[in-house]
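Novice: give me a 3D structure for the following:
(4 chains)
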There are 4 protein chains.
Amino acid sequence: MSGNTLGTLFRVTNFGESHGPAIGAVIDGCPPGLALSEADIQAELDRRRPGTSRHVTQRREPDTVEILSGVFEGATTGTPIGLLIRNTDARSKDYGNLVDTFRPGHADYTYWKKYGVRDPRGGGRSSARLTAPTVAAGAVARKWLMQEYGVRIRGYMSQLGPIPIPFVSWDDVQGNPFYAPNAGIVPELEAFMDQLRHDGDSIGARIEVTAEGLPAGWGEPIYDRLDADIAHAMMGLNAVKGVSIGSGFDCVAMRGSEHGDEIGPDGFMGNHAGGVLGGISSGQPLRVSLAIKPTSSIRIERRSVNRANEPVMVQTLGRHDPCVGIRATPIAEALLAIVLMDHALRHRGHVNRAV
Amino acid sequence: MSGNTLGTLFRVTNFGESHGPAIGAVIDGCPPGLALSEADIQAELDRRRPGTSRHVTQRREPDTVEILSGVFEGATTGTPIGLLIRNTDARSKDYGNLVDTFRPGHADYTYWKKYGVRDPRGGGRSSARLTAPTVAAGAVARKWLMQEYGVRIRGYMSQLGPIPIPFVSWDDVQGNPFYAPNAGIVPELEAFMDQLRHDGDSIGARIEVTAEGLPAGWGEPIYDRLDADIAHAMMGLNAVKGVSIGSGFDCVAMRGSEHGDEIGPDGFMGNHAGGVLGGISSGQPLRVSLAIKPTSSIRIERRSVNRANEPVMVQTLGRHDPCVGIRATPIAEALLAIVLMDHALRHRGHVNRAV
Amino acid sequence: MSGNTLGTLFRVTNFGESHGPAIGAVIDGCPPGLALSEADIQAELDRRRPGTSRHVTQRREPDTVEILSGVFEGATTGTPIGLLIRNTDARSKDYGNLVDTFRPGHADYTYWKKYGVRDPRGGGRSSARLTAPTVAAGAVARKWLMQEYGVRIRGYMSQLGPIPIPFVSWDDVQGNPFYAPNAGIVPELEAFMDQLRHDGDSIGARIEVTAEGLPAGWGEPIYDRLDADIAHAMMGLNAVKGVSIGSGFDCVAMRGSEHGDEIGPDGFMGNHAGGVLGGISSGQPLRVSLAIKPTSSIRIERRSVNRANEPVMVQTLGRHDPCVGIRATPIAEALLAIVLMDHALRHRGHVNRAV
Amino acid sequence: MSGNTLGTLFRVTNFGESHGPAIGAVIDGCPPGLALSEADIQAELDRRRPGTSRHVTQRREPDTVEILSGVFEGATTGTPIGLLIRNTDARSKDYGNLVDTFRPGHADYTYWKKYGVRDPRGGGRSSARLTAPTVAAGAVARKWLMQEYGVRIRGYMSQLGPIPIPFVSWDDVQGNPFYAPNAGIVPELEAFMDQLRHDGDSIGARIEVTAEGLPAGWGEPIYDRLDADIAHAMMGLNAVKGVSIGSGFDCVAMRGSEHGDEIGPDGFMGNHAGGVLGGISSGQPLRVSLAIKPTSSIRIERRSVNRANEPVMVQTLGRHDPCVGIRATPIAEALLAIVLMDHALRHRGHVNRAV
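Specialist: Here you go, the predicted structure:
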């Protein structure tokens, strides 16, 4: 198992490199009878697509998805859904100067150490471009979860570098390229990014993802807890360095009398738990936070070595996102959808109670 | 797959309830030829055992392990290693008043929702007692990693509730019940805990775990990254609500020119990455942080409901850890050992390069 | 994954050696709410137990099972079911003369080649004794299948060495040690076995297993077809060298107009298919055949080598079944039960239609 | 896990329908550094391609494979290998009359029962066309096995309907459309097939597959024995109704003194075991036999029902193989290659001894 499949009953197998002929995914385990067309998937792909504002990479990839199998007369058949996205804007020459060196903070060093192969074309397999098949598969899960259980998955950026973004409204999220739930703060974010690009540097971000409407009972303790599988999926996303649930790291300084959410006849009176108790969903909204590190490909010169282990200075001139967190929201939503659908199927296979 | 197995090639299957006849694990995938005796495992079990100081639960469980299979004439045979730990101090009567109610913050509510079963005996399957088989299996992985690769795994508590614990020395860690790397701060921790017990409340904690000596190249992107599988294992530990790697959530406010660790002929010049780049080990020390929530079983009365959804007040009088984080360090070490050994085997199966 | 787990959602992990402290299994994935006691399991274990007639090994193992977990107040909880069987009649001295040599046809040669370990104690892990945990787990599956779907699993011996056993009646099967569905032929079978024991030789057998009452729709093509998973389970049983479905190898000489079972308003008009079409159950009775080779441990002297690859003569004097096929029927039934329950859970997870 | 992935470390995920846009596979787990081009794969695809003689379906599919990922500068990178084969000769109208009825012996009935979907286009997912991705993936495994271990995989037809085909020479196999190892018998086979086509009927066949050169030690008992995984793969092939190893069902009538292969300083003195003892390869040639049923789609009218369960007569007029066994040899070879490569990787991950 070399690690390119996500999920147990709803399984997504991802393939491709950023500069090869194509990328894609095979979804195995989608139940039959879900209405599905390429438009359903394209809508989500368009949300993560590069080139949509000056604050993200200017690489132009239409990311057009083709459904190769598993759908007949507009509905899933229960057989594998093959998804194909052709690469169209490779421009490998941008990376010519990187063939022999390693970018500080980048996976090119560890891929070379592991596989003995140096694929300089845009990061090859380690490129953030490989999140597109994940988003495509997530679109299927998202649609199924809404239809079968009324589960709604949404996310937003809660911090850009040093700037916290107070939550104002879900309505604000779609109106700006940052997925900021706060229209008023957008000019400050834009000014920050403009200066950052000018500096040739990059920045981290924090993303929140939620799922509302899911029933109590999903999750398979003790190891495959719902939150454990969410953590696995999220930490498997490029640049993520931290994952937390509910009050997250704030729980360290809290007392049990404060953190343990009391229960009344109308339900829980708080949600420090973030919707999971003992690895099983409680019926409250799921709340997940991600810490996303700054992009490692920057214009500023940095010390590194080449394959002969000689010291070199490295400067990355290709088209890169100065903040990968900006496009991370739809990807994190997709990952959450995949994990939830997988656990919905696992639960009904294992327990089969009315959920 | 109902979630009680951890790992792909080195697989640990956990069984048991806190108040049933026994708990244990089956390890499948341990290579032949590892010298192994019950003493190797017992040493680790003794580190997590309750009742060793006044700051942890006074439940007395000797936690004596018996090796049932997989070892012949003092060495592993390559076949499954069955591990058995008998429960000896059940005292189910302590839990009598909980049969019909749900503790705020506790898994008893969600287990009931999922399985339709209310097992009041000490939390049953959701008890922290089920970390003992994990620790036993981790002892095997720890020994193998040291012998085959010289990998050393250690951990410590870096914060107890509101009290940060500055790192002074590894030597300090074993000399106190908190796994605090700072002998000078122990009196303050003890005083804090004494007051907390007096209050009938509980508290969170933060734990750091590291692995030194592992080679570059372990991890199977894109989904089963080394850090993703670590996050899965750690978030699968009772009470953990956050996991981070390297600089963790601090990366949000950092620039790429600061976070990306530069490289020189003698190796990396920093370790913000925490030993993982692109999901693959870089050869630097692995650095993992855990946020552990306060115990949900406290003496303070809290609002809840019973199975008829009527409001009740709940007070938990059994013997519970007021800070589950105190005993979490050896458990987190065990989980890290299991994940690393699994990835070592996966790597040599998949790539088979000299590592 | 070193291969000691059977199933995907209903998972049986087997551990133990014939002459170690204990053997057993962990069942993960049994739904909650199944009434279960040790007596349910013991009944099946007693059917495969050695020492019940002069035609099987005279080794005396009570094979008493203990349920360690997963059952509370007489019903399954949905958590792992730990099953323990202590070894009580080891008598390792019987095997003393085998330490350094390899029995023709036996696994001791290949285990040594694979693991580099020579465990002479009764075959260690390769002993037929390790079918006891399989039978124990199968007892759980069998009970669940009957209760949830009315599925009935039965088997019989259809040939003993050169003697075909024409099917007369299911009633005959339990009245003789051979599981022969034909009381009239039993004296001939007994005489054959008496002569065989006198010769110090062993013999093969053929076993039929059936499942009636299962619905159409179980099986997950294209690779994990129902019959493919049955073949995997059956060929994973010691001494099995062939598995077939329905008309089996007879299909080679048949025409499509003869083999393809016609369908009428009242159902299929034949069952050459053996209950599976395209890897999915058709609703007809499942029909599986097994070819079981003669025991390799015989009293007759045979040419072999020792660990130094020097020629030796080998004669096996321990207590062995002269026909392992005699006790194979309840084991094959157990394997079929495990596979069917696994596919029932997989089907309801994946498709969730009324079945 | 809905069953469309084969293998544990070398994993093949298959997608597609016979009359959709495309079919294909994703191989995950191929080690880096294997020289690989589309020509390597195309050669094997051409061996199973339809339309190459008058004895197989006249459907014309060029079956041109495109490598989408996982290969860089002519060698594998260790990342997933995406393989795409476009469908070009759909002609769905041939199947128009089947929309509402079920062919006796065919999977269309059980697919409809399972998924609730009636996809009449050439059998959709259950079509033998879906063996093409398997063959493509097998080509990769076959090349790797030869290069790394010198393993050679070959197969032939040993019986066509009532006509046994005595083995004469491997040289004869490639010179005729039947993969018959006996040039002299080919005219008889051709005459038989000509008459069969004239009758509008179909016929079964028996195939032998062997692997030579593999080391002792592959296989993971007790459940995932090498022969168990071979049985799973082979029984997962369309139309296979029986699988056996070595002397197969003949073992039923054999004595231990005859079946157990004696060993001398130069190796085994026979191969009734077919290269596997106790589920582990012995170093002798692997010998596998398959029974393949006659095609269910025939011109002869047969009794069946429609979706309203009313009696109808069904006659299948599309282009079908009158003997699917004729093209089965390269497919069975591919399946054996996939299983062996998977076990080679599992063995070196788990045991890592020189093999």
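Novice: so where do the helices sit in chain A?
Specialist: Secondary structure of chain A (DSSP state H): helices located at A:38-48, A:108-115, A:131-149, A:170-173, A:186-199, A:226-235, A:256-259, A:328-350.
Novice: so of those helices, which one's packed in deepest?
Specialist: Looking across the helices of chain A with neighbours counted as mean count of other CB atoms under 10 Å in any protein chain shown, the highest average goes to helix A:226-235: a mean of 30. For glycine as for every other residue, the C-beta is placed from the backbone atoms N, C-alpha and C.
Novice: now that helix - C-alpha only, PDB.
Specialist: Taking Å, rounded to 0.1, in the frame of the first residue of the first chain, the C-alpha atoms of helix A:226-235 are listed here in PDB:
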ATOM      1  CA  LEU A 226     -13.800  10.000  13.200                       C
ATOM      2  CA  ASP A 227     -11.400  12.700  14.400                       C
ATOM      3  CA  ALA A 228      -8.400  10.400  13.800                       C
ATOM      4  CA  ASP A 229      -9.400   9.800  10.200                       C
ATOM      5  CA  ILE A 230     -10.100  13.600   9.800                       C
ATOM      6  CA  ALA A 231      -6.600  14.300  11.200                       C
ATOM      7  CA  HIS A 232      -5.100  11.800   8.800                       C
ATOM      8  CA  ALA A 233      -6.900  13.300   5.800                       C
ATOM      9  CA  MET A 234      -6.100  16.900   6.700                       C
ATOM     10  CA  MET A 235      -2.400  16.300   7.600                       C
END
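Novice: A:G20 is in contact with A:S127, correct?
Specialist: No: with the criterion set as CB atoms under 8 Å, A:S127 and A:G20 do not qualify as a contacting pair; they are 10.3 Å apart.
Novice: between the two, which one's more packed in?
Specialist: Of the pair A:S127 and A:G20, A:G20 is the one with more neighbours under other CB atoms under 10 Å in any protein chain shown, namely 24 against 21.
Novice: quick one: low-confidence parts of chain A?
Specialist: Within chain A, the ranges that satisfy pLDDT under 70 run A:1, A:51, A:89-98, A:120-122, A:353-355.
Novice: hmm, A:R346 is touching B:S2, no?
Specialist: Yes: A:R346 lies in contact with B:S2 (CB under 8 Å); the separation is 7.3 Å.
Novice: now list whatever residues contact both of the two.
Specialist: Counting by CB atoms under 8 Å, 6 or more residues apart in numbering or on different chains, the common neighbours of A:R346 and B:S2 are A:E220, C:L9.
Novice: from the stretch 151-300 of chain A, which residue is nearest to chain B?
Specialist: Among the residues of the stretch 151-300 of chain A, A:G278 lies closest to chain B, at 2.3 Å counting by CB to the nearest CB.
Novice: the closest residue to that residue other than its chain neighbours and D:P221, how far apart?
Specialist: Take A:G278 and drop its neighbours on the chain: the residue closest to it by CB to CB, 6 or more residues apart in numbering or on different chains is B:A107, 2.3 Å away. Counting by CB to CB, to the nearest Å, the gap from B:A107 to D:P221 is 37 Å.
Novice: do the same with A:L34
Specialist: Going from A:L34 to D:P221 by CB to CB gives 41 Å.
Novice: which one of these two has more residues nearby?
Specialist: A direct count of neighbours by other CB under 10 Å for A:L34 and D:P221 places D:P221 higher, at 26 against 21.
Novice: the spatially closest residue to A:A183 that is not a sequence neighbour: what's it in contact with?
Specialist: Nearest non-adjacent residue to A:A183, counting by CB to CB, 6+ apart: A:D172, 4.5 Å away. Neighbouring residues of A:D172 by CB under 8 Å, 6+ apart: A:A180, A:P181, A:N182, A:A183.
Novice: what residue in chain A comes nearest to chain C?
Specialist: Counting by CB to the nearest CB, chain A gets nearest chain C through A:G349, at 2.5 Å.
Novice: OK, contacts around that residue?
Specialist: Contacts of A:G349 (CB under 8 Å, 6+ apart): A:L9, C:L9, C:L345, C:R346, C:R348, C:G349, C:H350.
Novice: mind doing that once more with 6 Å?
Specialist: By CB atoms under 6 Å, 6 or more residues apart in numbering or on different chains, the contact list for A:G349 reads C:L9, C:L345, C:R348, C:G349.
Novice: you'd agree the first one is up against C:A344?
Specialist: Spelled out, it's C:L9. No: if you go by CB atoms under 6 Å, C:L9 and C:A344 don't touch, sitting 8.8 Å apart.
Novice: surely A:T134 meets A:A334?
Specialist: Yes: with contact defined as CB under 6 Å, A:T134 counts as touching A:A334 (5.4 Å).
Novice: grab the nearest non-local neighbour of A:E190.
Specialist: In space, A:E190 is closest to A:H55, 7.2 Å off (CB to CB, 6+ apart).
Novice: coming back round to it: and the gap between the residue nearest to A:A183 and C:S202?
Specialist: Taking CB to CB, one finds A:D172 at 79 Å from C:S202.
Novice: over to A:G105?
Specialist: 66 Å.
Novice: what's the answer for A:R299, then?
Specialist: Look at A:R299 and C:S202: by CB to CB, they are 77 Å apart.
Novice: A:D224 pairs with what?
Specialist: On the basis of DSSP bridges, A:D224 is bridged to A:E220.
Novice: neighbours of it, how many?
Specialist: 23.
Novice: cool, and A:V56?
Specialist: 22.
Novice: ok, A:P21 next?
Specialist: For A:P21, the neighbour count with other CB under 10 Å is 17.
Novice: and it, backbone torsions?
Specialist: With angles defined as degrees, to the nearest 10, A:P21 sits at phi -70, psi -40.
Novice: for it, give me its contacts.
Specialist: Neighbouring residues of A:P21 by CB under 6 Å, 6+ apart: D:L68.
Novice: same question, A:S158
Specialist: Counting by CB under 6 Å, 6+ apart, A:S158 makes contact with A:I165, A:R206, A:E208.
Novice: pull the number of nearby residues for the second one.
Specialist: For A:R206, the count of nearby residues is 23 (other CB under 10 Å).
Novice: go on, A:E66?
Specialist: Counted with other CB under 10 Å, residues neighbouring A:E66 total 15.
Novice: so the residue nearest to A:E190 is in contact with A:Q195, correct?
Specialist: No: using CB under 6 Å, A:H55 is not in contact with A:Q195, being 11.6 Å away.
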